[in-house]
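**Q** Only the shape, not the letters, is given here:
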């Protein structure tokens, strides 16, 4: 191109010289020559500048875009209930008390109460009679239990004491210290979310995509929370939607290899675009953010997608079938497997994710996945509220020093299916509406979490034996328990459990922007993989109960918007977002009929405002 | 603490009013897509005599410049009203090479 232009300019220099005779023509000629010379110099300069730009473009192989969201949430939590309990072997307790009475009371019929005939005298060690120091200690333990611990416990828990005395307690049953209900308010909770998107063209039919995400609440970069819900667990699958400090996490990193062999087949491997899929992108005020339906999957997965575009073959716009595969848990590597072979398997997930119709304005999508060998815990970090001092895996005491613990799966608790059918339509007026149905089915195995969290949607409560009752200075008691090694499972623990959910809503153009309303309901056993949805109260779509949301988006310009919204959660069952443990009716926990290791939420208001800038 | 919340809400209101000043009027991209398919793809479809053009052929600024200058055969445009052109412009702008793209694999 440059050579051609130089020849052209030289030609222009030669052409007019022969035909001009007059002086004026000569002057014109000189002026023209000067102009051509100026043009030539400018062209050289432009050429230099273009070369630099071309070189920069060639070397700048990755494009960065991103967005920054600053958000404030104001939370009001009504009737947060704590009702923790231990499964106690009451039959054993009866025997233990009986043995103590026999050892201490001269006339056992006088228990409870001060003995009229006096106590048995304490034994003295006598090697010849086989009486050891342990026997002496046991006597005094029994004496203390009957004269101090038991009366104090009966005073604090009279109904329990009466039921025990009347023989009305089951052989094994729960003992709890009582229901504690409280209201909580967090008037301002600020969060910052920074997302840096990366894109690079590797070759004509190959590209790389990635996203780095930082999501933090102001004033906290520990990256680890006290474990009070599934949302407080720092782990691989939810790092992008869970406040984890000032670190940039790799939310996505994958390549696409398209048109393989000239066909419509494509392959994509890496950390998947598996968050913010249809229709959850509407409330985010962004285009489709991920491949699977956001109703059932909003989770960071490492895996593979093999897809085939069927639009050409069928004439149906956007018809694409995809087979997806991922691994959610690695059982050996990194788990100390060289010390001892673990008794768990890897967790795999596979299935189909199909865009049945997608012209950009009308979308029909279905997702069907199966997860095999689900572990009782992902690998992750948390500060557990309780500590296990004796190493039996059962919490014994409060974790007052806030030790951070690394968790990993210890049991294969079963398999799970997930499915959804999602429809979205944007009308010519810009009014967009959607409806989505979600379904989950769990197929539990006999294995369960040994710490007492449970199996796949059932409880497996460790059976404890009461070993001592310590009386505190204020007269309250602190019972001591030890694990018997037994567990009691929920009734019908081996049943398959179906959960379902409905998610509907609309978004309409409104003065200065958009207005949206959404509603979702999740049933008792609803267990989707949406825990990376970044609502501060935990994924709204994982809720076992009702959630309503209203929001208004003010478009400042095409690259910035303000969102003001309100979310109302009405939880019907416990354990939203966790497939481990039996969901219980919230009101049953509040009434003391059921127990829960973690605090139970009832009704929550989340008023929020955010400003988001895309760049 | 309540004072802080009130301050935040006040700031949000200020920003909302600021937004009303800065918000821009645009065409309807949904209508624009329909009009683009009906009117433009005849010549600018795959193998068309005007050369293939998709929204991704230009950047957002380049599409805006194109509609500003309207350096195009007027005969092909005469059936389109000013609002139609605005709608097409909005569609091409929204789906331009440097616009937000759906973040899916494949």
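**A** Done, it's in. In this text, all values refer to a predicted model and were calculated from it rather than measured experimentally.
**Q** which residues in the stretch 401-550 of chain A form strands?
**A** In the stretch 401-550 of chain A, the strands defined using DSSP state E, counting those that start in this stretch lie at A:404-407, A:412-426, A:432-444, A:460-471, A:477-489, A:497-510, A:513-522, A:545-557.
**Q** And the fourth one, what's buried?
**A** Neighbour-count burial for strand A:460-471 flags A:460-466, A:469, A:471 (criterion: 16 or more other Cβ atoms under 10 Å in any protein chain shown). From N, CA and C alone the C-beta is placed, and that goes for glycine too.
**Q** Between the residues you listed, which sits nearest chain B?
**A** Distances from chain B to these, taken as Cβ to the nearest Cβ, are shortest for residue A:460 (38.5 Å).
**Q** Poorly predicted segments of chain A, please.
**A** Along chain A, segments meeting pLDDT under 70 span A:1-22, A:391-393.
**Q** what's the single longest strand in it?
**A** Of all the segments of type strand in chain A, defined by DSSP state E, the longest one is strand A:180-203.
**Q** Report the contact partners of residue A:571.
**A** A:543-545, A:586, A:600-604 (Cβ atoms under 8 Å, 6 or more residues apart in numbering or on different chains).
**Q** quick one: the residue nearest the centre of chain B and residue A:51, what's the gap?
**A** In chain B, the residue lying closest to the centroid (Cα atoms, centre = their mean) is residue B:90, at 2.4 Å. With distances taken as Cβ to Cβ, to the nearest Å, residue B:90 is found 36 Å from residue A:51.
**Q** returning to what we had before: tabulate the buried residues of strand A:460-471 (a markdown table), appending distance to residue A:381.
**A** Shown next, in a markdown table, are those (distance: Cβ to Cβ, whole Å):
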| residue | distance to residue A:381 |
| --- | --- |
| A:460 | 24 |
| A:461 | 25 |
| A:462 | 24 |
| A:463 | 29 |
| A:464 | 27 |
| A:465 | 32 |
| A:466 | 33 |
| A:469 | 35 |
| A:471 | 37 |
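**Q** These: which ones sit near chain B?
**A** Among the buried residues of strand A:460-471, none lies close to chain B by the criterion of Cβ under 8 Å from any Cβ of the partner chain.
**Q** Just the element for residue B:30, please.
**A** Per DSSP states H and E, residue B:30 falls inside helix B:29-35.
**Q** Would you mind pulling up the elements that whichever helix or strand comes after that helix packs against?
**A** Later in the chain than helix B:29-35, the nearest helix or strand by DSSP H and E is helix B:41-44. Using 3 or more Cβ pairs under 8 Å, 6 or more residues apart in numbering or on different chains; DSSP states H and E, no helix or strand is in contact with helix B:41-44.
**Q** Could you point out the helix or strand that follows helix B:41-44?
**A** helix B:60-69.
**Q** chain center to stretch A:412-420, what's the gap?
**A** When distances are taken as Cα atoms, centre = their mean, to the nearest Å, stretch A:412-420 is centred 16 Å away from the chain's centroid.
**Q** now stretch A:174-191
**A** Between the centre of stretch A:174-191 and the centre of its host chain there is 20 Å, according to Cα atoms, centre = their mean.
**Q** can you list contacts of it?
**A** Contacts of stretch A:174-191 (Cβ under 8 Å, 6+ apart): A:69-88, A:160, A:215-218, A:243, A:461, A:479, A:536, A:589-592, A:595, B:1-2, B:4-5, B:8.
**Q** and with 6 Å instead?
**A** Residues outside stretch A:174-191 that contact it (Cβ atoms under 6 Å, 6 or more residues apart in numbering or on different chains) are A:71-83, A:85-88, A:217-218, A:592, A:595, B:1, B:4-5.
**Q** Filter those residues down to the buried ones.
**A** A:71-75, A:77, A:79-83, A:85-88, A:217, A:595.
**Q** Would you mind listing the residues in contact with the residue most central in space within chain A?
**A** Central residue of chain A (Cα atoms, centre = their mean): residue A:531, 2.9 Å from the mean position. Residue A:531 sits next to A:238, A:539, A:577 when contact means Cβ under 6 Å, 6+ apart.
**Q** Leaving out the residues flanking it, which one is nearest to it?
**A** Spatial nearest neighbour of residue A:531, chain neighbours left out: residue A:238 (4.8 Å); criterion: Cβ to Cβ, 6 or more residues apart in numbering or on different chains.
**Q** now that neighbour: how far from chain B?
**A** Look at residue A:238 and chain B: by Cβ to the nearest Cβ, to the nearest Å, they are 18 Å apart.
**Q** Count the residues that sit near that residue.
**A** Neighbourhood size, residue A:238 [other Cβ atoms under 10 Å in any protein chain shown]: 27.
**Q** what lines up beside the longest strand of chain A in the sheet?
**A** Applying DSSP bridges, strand A:180-203 is found paired with strand A:63-83 (antiparallel), strand A:206-217 (antiparallel).
**Q** That strand: which residues count as buried?
**A** A:187, A:189, A:191, A:193-198.
**Q** just stretch A:431-450 next, same as before
**A** A:432-434, A:436-444, A:447-450.
**Q** close to chain B, is it?
**A** No. Against chain B, stretch A:431-450 shows no contacts by Cβ under 6 Å from any Cβ of the partner chain, the least distance being 9.8 Å.
**Q** For that stretch, which outside residues touch it?
**A** With contacts defined as Cβ under 6 Å, 6+ apart, stretch A:431-450 is touched by A:279, A:295-296, A:376, A:393, A:411-424, A:426, A:454-457, A:460, A:496-508, A:527.
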